[in-house]
Every structure is written in structure tokens, then in C-alpha cells.
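> What follows is a protein structure lacking sequence information:
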């Protein structure tokens with residue numbers, strides 16, 4: 001349903017006729033907001049000032065309106081149609097009192113070229129609303145098809161060697177844009193008929209820091225990010241027309257960059273964060289793969305930044321995953337240069353020794369760290385293995401730093417440099433953390449020499465591991481992926497089910513023998529505390545929905561908030577956020593029922609104690625969060641999630657839906673149908689018992705490995 005308001009701007013020359021006023025009054029009765037500019041002359045009919053006028057009239061709300069133009073000036077209404085037909089909903093030529101104006105320079109040429117064959121007597125034009133004007137002689141032909149070719153969609157005019165832009169929609173797949181002029185070439189200078197000086201200032205900053213030293217970039221990274229945020233704030237408050245012009249101008253700069261790969265990546269990352277389009281991920285990834293100037297460390301740094309962006313923004317695109325594989329393989333091959341590695345035969349390896357590699361090691365509260373410790377614990381406690389746990393520190397490394405927007409780095413616990421074991425439960429796990437930025441060539445050789453010296457029977461990678469994949473050339477390695485479709489060059493990769501196995505084989509051209517099917521298992525922390533609802537500030541008379549996550553403000557969008565708001569309004573729901581979610585001013589007004597029925601509980605050490613008092617675990621569209629959902633299942637609380645990401649993979653189809661609208665219907669069913677709720681609660685407990693059996697998980701993997709021909 002279209003909720004936009006309708007506004008008509010009428011530019012009238014001379015005294016307005018009664019019949020023309022009747023048309024405007026009729027439109028007014030149809031709830032058009034009429035803005036009449038009466039007795040205009042040539043001096044205030046500036047053809048390329050239309051959007052300045054719209055901004056003056058409607059400020060930041062331009063995109064809330066469908067804009068229509070009317071005029072009794074033939075040349076004005078026709079030129080406005082030619083220049084801005086992509087952005088203006090409809091055009092009406094009031095020819096009861098026909099008026100003319102003189103046009104000069106480019107406008108005369110444009111008019112002559114584009115509509116020399118139009119019959120002025122019948123030039124009435126309105127888009128999509130012709131029924132409103134049924135009493136008048138409307139020009140009803142298919143104007144665009146009859147008069148212009150497909151390139152008319154983008155208004156770039158090359159006149160006397162100068163390119164003029166009034167309206168543009170960019171199209172990267174066809175060399176940025178489609179244009180009218182056959183003699184257009186991308187290196188031409190453009191005249192933008194709109195003030196975009198602030199874009200030039202931003203581009204100058206990007207170019208400067210792409211060509212300065214990396215130390216200067218690192219020193220000024222706070223300033224650069226602040227400058228970017230200010231620029232982004234401008235874009236957040238302009239209309240869609242201007243946004244397209246800005247995007248075109250920046251894309252033009254991006255695709256005209258020559259051999260400066262650092263500038264390509266920096267500007268590409270800015271466009272990625274401003275416009276959130278996968279085409280910029282593709283551009284950056286291809287630039288990295290093809291670069292002859294960037295080091296392998298530069299490529300690996302950028303690779304992890306792209307992985308993070310993809311994870312946070314829930315981009316599930318198989319072409320992107322294939323590109324990531326291509327880039328990762330390219331990086332691996334560069335690290336393998338001059339390394340002479342040979343597989344150690346099975347009978348020469350130590351059957352009791354296993355190396356476990358993890359790319360980040362923090363504390364039990366960090367899911368990958370806990371998975372690493374639980375894996376080591378089970379190997380030691382239940383399978384009588386000797387284990388060496390190595391934090392290879394590859395996650396979001398700053399090694400190879402080059403300029404990008406929103407650079408992120410992983411936390412590192414420096415105290416771990418000075419220890420050689422980790423105490424977990426009732427075992428001591430031998431531990432090593434290199435005291436250099438990784439991946440470091442010397443340290444890689446050091447770890448590879450450890451593998452050669454101690455000859456472990458197997459390497460287990462907790463998530464994708466560059467060093468683990470390189471070391472798989474010495475002894476077999478198995479990878480436990482931490483994200484959707486996470487790629488590995490290891491001998492084996494563990495997936496949840498047959499469907500995921502088939503997807504991995506197809507996506508990465510793997511062989512069946514490379515894939516192990518075993519449902520992931522996670523040990524959860526025992527419940528220590530018991531609460532009453534009153535103690536933790538949860539109302540007794542509400543249907544409690546919980547949302548758990550460390551990045552909720554990044555992961556929760558307006559579509560999800562709308563569902564929660566409807567639940568609060570219609571299902572007596574109360575929402576508990578664990579950790580926190582912060583409402584902005586617009587969200588406070590827009591989702592008032594939710595805003596008046598929620599609680600931020602922050603981080604909860606004893607999550608099971610909180611899950612006792614919730615009714616449903618509700619999951620937004622995100623890739624992570626799989627472990628937290630198991631806490632809800634363990635307490636017999638049903639989960640409601642989209643069929644996407646780690647939560648869906650863990651909890652199974654019984655608790656999935658395909659859209660947010662289906663999610664609301666499912667929550668509604670849980671609220672009203674008590675028998676259904678009880679049945680799903682029983683299923684939840686059964687699934688939780690399976691998902692928390694880490695001993696069985698490790699056993700299944702070993703059985704698969706021992707039965708493998710590899």
C-alpha cells in the first residue's frame with residue numbers, strides 16, 4: 001500500500017485561466033498538496049533548480065511525497081520531463097493558456113534533440129494517474145518506447161565536448177552507466193547540475209590517505225572515521241535523487257582508478273558502508289585477487305574485514321562465498337611459496353597427540369573459545385588424548401593494515417603470552433599464543449616446525465585457519481566451521497546435515513570424502529542461581545520474549561522491531577534484550593508499544609537462570625547466536641527463528657519460519673495454543689540434550705575419520 005502524499009507544483013505564466021484553476025481545484029479535492037507559482041517569468045524558471053526547490057519546500061521529507069509538475073509553459077514542462085522523468089511521478093501541460101519561454105545553450109540543444117517531433121497541441125502527460133484527468137485530452141501513447149531508445153533512462157548529455165548530468169541511475173554491471181551519447185567515454189569531465197562539493201571533499205580525503213604512509217593512516221584513523229560518519233550523516237538526510245548522484249559520482253571515481261589498488265579498496269569500502277551493496281564486496285575481492293602490488297598480508301587483512309562485514313550484514317550470497325574462496329586460495333598459495341611441505345605417513349604420526357588451532361582465544365563467554373576448550377577437554381578427559389591448543393590470532397588481524405572504512409580488530413588477551421597452559425574444569429590444557437602480529441612468516445614456520453617435530457595424529461581447526469590449512473600439507477586436518485559456508489582447505493570439514501553437505505560440495509567443488517556430517521554440540525554453563533521474576537524485573541502477567549546477542553543494534557532491523565511491536569500490542573508480550581538494544585529517537589516513536597514493554601538486562605553470567613522465566617526465544621535475521629538458543633531449548637522454551645544462520649542450523653526445522661510475517665503468526669500460535677506450546681517445549685528439551693552432548697560429537701567425528709579412506 002502506497003502511503004506517500006501527493007504534491008503538485010504548478011508553474012504558471014500570465015494570469016491563470018478559470019478552467020486551469022478548475023483543474024487545480026479538482027486535484028486539491030483529490031488530496032493533492034498544491035503549490036502554485038503564479039505569474040512566473042524566464043528569470044525564475046531555472047530548469048536545473050527543481051530539486052533545490054523541493055528541498056526548500058519539503059526539507060528532509062521529499063521522499064515521503066509523490067511529486068507532480070504542471071505548467072502552461074510548453075518548453076519548461078517538456079524540458080523538466082526530459083531531465084527528471086525518473087524522479088517526478090507525473091507531468092501535466094495546461095495548454096488552455098499556452099505560453100512560451102526562450103531557452104538557451106544546452107537546454108535548446110537538449111530540447112531540439114529529444115522532443116523535436118512532439119505535437120504541442122496534445123502534450124498532456126501524467127504517469128500512473130491518467131484516470132484523474134479523464135475529462136481532459138491526455139497524451140496516452142507509450143511516450144518512452146515510441147520516442148526514445150533504452151539509453152534514455154540515464155540523463156547524461158554530451159554537448160560540444162562537455163558532459164552534463166541532471167539525473168542518473170548507476171549500473172555497475174554495464175561499465176557503471178548507460179548513456180545517451182554515443183561518443184561518451186568514462187574519462188570525460190562531468191558538469192553536475194547540483195551542488196556536490198561535499199563529495200569532492202570526501203574523495204580528496206580518501207585519496208590523500210590512500211597515498212600517504214600507513215603509519216599516518218593509523219595515527220589518524222579516528223579522524224578519518226569521524227570524517228566518514230559526518231559524510232554518512234549528510235547522505236542519511238538527503239533525498240533519493242541526490243543520493244543517486246552521489247553514488248554515481250563516487251562510482252565513477254572508483255572505476256576510473258588506475259593501478260592504485262589501495263585507493264580502490266579504500267573508496268570501495270566507503271561505498272560498501274554507505275550503500276550496503278554486494279557489488280562493492282565483489283569489486284574489492286576481485287581487486288585483491290588480481291592485485292600485483294598488495295602483499296599477502298594486505299590481502300589477508302582485507303579478507304577478514306570483508307568476512308566481518310558479510311557476517312554482520314547477513315549477506316547470504318553463494319557468488320560472494322565463491323569469491324571469498326578464490327581470494328582465500330590466492331592468499332594461501334602466496335603463503336605456501338618456497339615452503340617444502342610433505343605429508344607425514346599415518347604410521348609415523350603420534351596417535352595420542354592432537355593439535356587444536358583457534359583464530360581467537362578469549363574466555364568462556366566467547367563461543368569459539370568455549371568450543372575450543374570443550375573440544376580439548378573431551379579429547380583429554382574422555383578419549384585419553386594429549387592436546388596442544390594454539391591461538392593463532394588470525395581473526396581480524398591488523399597485520400597488513402591498509403586504509404579501509406570501519407576497520408575492526410580482534411581482542412587479544414596479552415596475559416596469555418606468558419602462560420603455557422589453560423586450566424579448564426579439572427584438566428590442564430597445554431597452550432601457546434605467539435607474541436607477534438599474525439600471520440607472521442617466521443611464526444608460521446615455527447608452528448609448522450612444531451607440527452613436523454611432534455607429528456600429531458590430527459589437527460582440529462576451530463573455524464577457518466590459514467595456518468591450519470597450510471599445516472594440513474603435513475598432517476591431516478579437520479575444520480569445525482564457525483559460520484555459514486565457511487570454507488576450508490583442510491582434509492575434512494564438519495557440517496550439520498546432508499543438505500549442508502551437498503551445498504558445500506556444490507559451492508566449493510569438494511568431494512564427498514572431504515565432508516563429515518555431525519550435528520554440532522556445545523557445552524552450556526550449569527545453572528547456579530534461582531530467581532523470582534520480581535527479582536529480575538520481569539512482569540508476571542506478560543508473555544515474555546527474549547532476544548539474546550552481543551551485537552543487537554547491528555543485527556536488529558525495523559522489520560524485526562515491527563514484529564516485536566505488534567506482539568506487544570496484540571499478544572500481551574514483553575521483550576527482554578540480553579545484552580542491550582538501544583532505541584533511537586525515531587524508533588521510540590514508531591514502536592511505542594515495544595518501547596513501553598521492554599527491558600535491557602545486559603550480559604547474564606547465568607543465562608539458564610534467566611531462560612527459566614522467558615516464554616519464547618525469538619531470533620532476528622542474523623548469522624550468529626547459535627549457542628544462546630540452546631540455553632532456551634535446554635529449559636524447554638521454544639525458539640522462533642528465520643530459516644537462516646547458526647540458530648536455524650542448531651535448532652532444526654521444527655522452530656523455523658520463512659519470513660517475519662510467518663514469525664508473527666508462529667508467536668501468535670504459541671501465545672494462544674497451549675497444547676502446541678507444550679508439545680514444542682518437549683521437542684526443545686530433546687534437541688537440547690543432543691546438542692549439549694559434546695562427547696558424542698567428538699566421538700562421531702573420530703568414527704568418521706577412522707573410517708575414511710583418506
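Ah, there it is. Quick caveat, the model's predicted, so the values are computed rather than measured.
> what's the helix or strand for residue 677?
Element membership of residue 677 [criterion: DSSP states H and E] is helix 674-691.
> Just the buried residues of that helix, please?
677, 680-681, 683-684, 687-688, 691 (16 or more other Cβ atoms under 10 Å). Glycine gets a C-beta too; all of them are placed from N, C-alpha and C.
> do stretch 594-613 as well
Buried residues in stretch 594-613 (16+ other Cβ under 10 Å): 594-595, 597-599, 601, 604, 606-613.
> just stretch 667-676 next, same as before
For stretch 667-676, burial by neighbour count (16+ other Cβ under 10 Å) applies to 667, 670-671.
> Just the terminal-to-terminal distance for that stretch.
Start-to-end span of stretch 667-676 (Cα to Cα, to the nearest Å) is 11 Å.
> Between the two ends of stretch 504-513, how far is it?
End-to-end distance of stretch 504-513 (Cα to Cα): 12 Å.
> Residue 572 touches residue 542, doesn't it?
Yes. In this structure residue 572 lies within contact range of residue 542 using Cβ atoms under 8 Å: 5.8 Å.
> before we move on, back to that, in TSV, list the buried residues of helix 674-691 along with distance to residue 336 and pLDDT.
Shown next, in TSV, are the buried residues of helix 674-691 (distance: Cβ to Cβ, whole Å; pLDDT from 0 to 100):
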residue	distance to residue 336	pLDDT
677	55	96
680	50	95
681	51	95
683	47	95
684	46	94
687	41	92
688	42	92
691	37	90
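> quick check, distance from stretch 190-199 to the centre of its chain.
Computed by Cα atoms, centre = their mean, to the nearest Å, the chain-centroid distance of stretch 190-199 equals 28 Å.
> Show me the contact partners of that stretch.
Residues outside stretch 190-199 that contact it (Cβ atoms under 8 Å, 6 or more residues apart in numbering): 48, 51, 156, 162-166, 231, 234, 242, 245-246, 249-250, 252.
> So which bits of that stretch are buried?
Judged by neighbour count (16+ other Cβ under 10 Å), stretch 190-199 contains these buried residues: 192-194, 196, 199.
> Among the residues you listed, which pair sits farthest apart?
The largest separation in these, counting by Cβ to Cβ, is between 193 and 199 at 14.2 Å.
> Who are the contact partners of residue 16?
By Cβ under 8 Å, 6+ apart, the contact list for residue 16 reads 36, 38, 97.
> Going by distance to residue 405, which of those wins?
Nearest to residue 405 among the contacts of residue 16, counting by Cβ to Cβ, is residue 36 at 45.3 Å.
> got the buried residues of stretch 190-199 as JSON lines, with distance to residue 221 columns?
Output for those, formatted as JSON lines (distance: Cβ to Cβ, whole Å):
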{"residue": "192", "distance to residue 221": "30"}
{"residue": "193", "distance to residue 221": "36"}
{"residue": "194", "distance to residue 221": "31"}
{"residue": "196", "distance to residue 221": "26"}
{"residue": "199", "distance to residue 221": "22"}
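> Just say helix, strand or coil for the closest residue to residue 702 other than its chain neighbours.
Closest residue to residue 702 apart from its sequence neighbours, by Cβ to Cβ, 6 or more residues apart in numbering: residue 383 at 7.2 Å. Taking DSSP: H, G, I helix; E, B strand; the rest coil as the rule, one finds residue 383 in the coil state.
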